[in-house]
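# A predicted structure for the sequence below; I have some questions about it.
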Amino acid sequence: MGLFGLFRRPRINNGPYTSFLGMDDRDLVRAVRSLITEIDQNGCLMLVVAFNLIDILLVWMTWRANKHPKKGLPKDIDGFIIFNSRSLLEVQEDIAVRRLHWFAMAGLVKKATTICIKNKYDDDSAFIWIRLASGGAIAEDALRHNIVWDHQEKSSFSHIHSERSGIDYILNHVMPSALRRNRTINDFSGEHDIFLGL
């Protein structure tokens, strides 16, 4: 299913992820950290792929929302989380359901990361992104036959040919650049012989 194939107007309902948005900053970060803890290495990779697509999706959805305001498309990250969460109440096809889960969770990671950077929650941001970067170690094999994401959506990862290059790509090209100064993330990158750009 293509990048823009899922976005129909959802029913008005909460869905499984919107409760995170009612939390204060500290609790939301803790909740996202807990969520990441429960996800295996392959799940971390799926989250990274979804995270990598959010900005382009939001640009497109915002353009569509301005052009067709009655369609109920989101214009910001909170709206993106709500949209994908509510859409889960309508969709039944397995691949579509998985995509919506990854997009909603990736939206939460993006929101939590922004909070961590703003409030200097360095331990939390390090935990989240080291955990996510671990998914890069299996990217070459895990994405080769993956059917959740289409070829276009996986293309940014097509150059990955080793565990190290997968982790390197996530830390240097997917993770927000402000976190490259995080001491714990720098220690982790050094352990894998990875140089973090400025």
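Ah, there it is. Because the structure is a prediction, the values reported are computed rather than measured.
# Can you tell me, leaving aside adjacent residues, what's nearest to Gly197?
Asn172 (5.5 Å; CB to CB, 6 or more residues apart in numbering). Bear in mind the C-beta positions are built from the backbone N, C-alpha and C, glycine included.
# how close does that neighbour sit to Glu93?
35 Å (CB to CB, to the nearest Å).
# Repeat that for Ser85.
17 Å.
# Now do the strands in this protein.
Counting by DSSP state E, one finds no strands in the chain.
# any low-confidence regions in this protein?
Scanning the chain for pLDDT under 70 picks out 1-13.
# where along the chain do the helices fall?
25-37, 41-67, 77-87, 94-119, 122-133, 139-144, 151-154, 163-169, 183-191 (DSSP state H).
# for the ones you listed, which one sits closest to Pro176?
Shortest distance between Pro176 and the helices of the chain, using CB to CB, is found for helix 94-119: 5.9 Å.
# what angle sits between the closest one and helix 25-37?
With axes from the mean of the first three to the mean of the last three CA atoms, to 10 degrees defining the directions, helix 94-119 sits at 140 degrees from helix 25-37.
# In helix 94-119, which residues are buried?
96, 98-113, 115-116 (16 or more other CB atoms under 10 Å).
# could you give the angle of that helix to helix 41-67?
Using the same axes, to 10 degrees: helix 94-119 against helix 41-67 is 90 degrees.
# how deep is the nearest residue to Ala31 once chain neighbours are set aside tucked in, by neighbour count?
Spatial nearest neighbour of Ala31, excluding adjacent residues (CB to CB, 6+ apart): Phe20 at 5.8 Å. When counting by other CB atoms under 10 Å, one arrives at 21 neighbours for Phe20.
# I figured Phe20 was touching Ile81, is that so?
Yes - when contacts are counted by CB atoms under 8 Å, Phe20 is listed as touching Ile81 (7.3 Å).
# still on that earlier bit, who has more neighbours out of Asn172 and Glu93?
Each of Asn172 and Glu93 has its neighbours counted (other CB under 10 Å); Asn172 has more, 16 against 10.
# Quick one: residues contacting that one.
By CB atoms under 8 Å, 6 or more residues apart in numbering, Asn172 lies in contact with Arg180, Ile194, Leu196, Gly197.
# let's see it at 10 Å
Ala133, Arg180, Ser189, Ile194, Phe195, Leu196, Gly197 (CB atoms under 10 Å, 6 or more residues apart in numbering).
# so, if you compare those, which one comes nearest to Ser158?
Nearest to Ser158 among the contacts of Asn172, with distances taken as CB to CB, is Ala133, at 18.1 Å.
# That's all I had, so thanks and see you.
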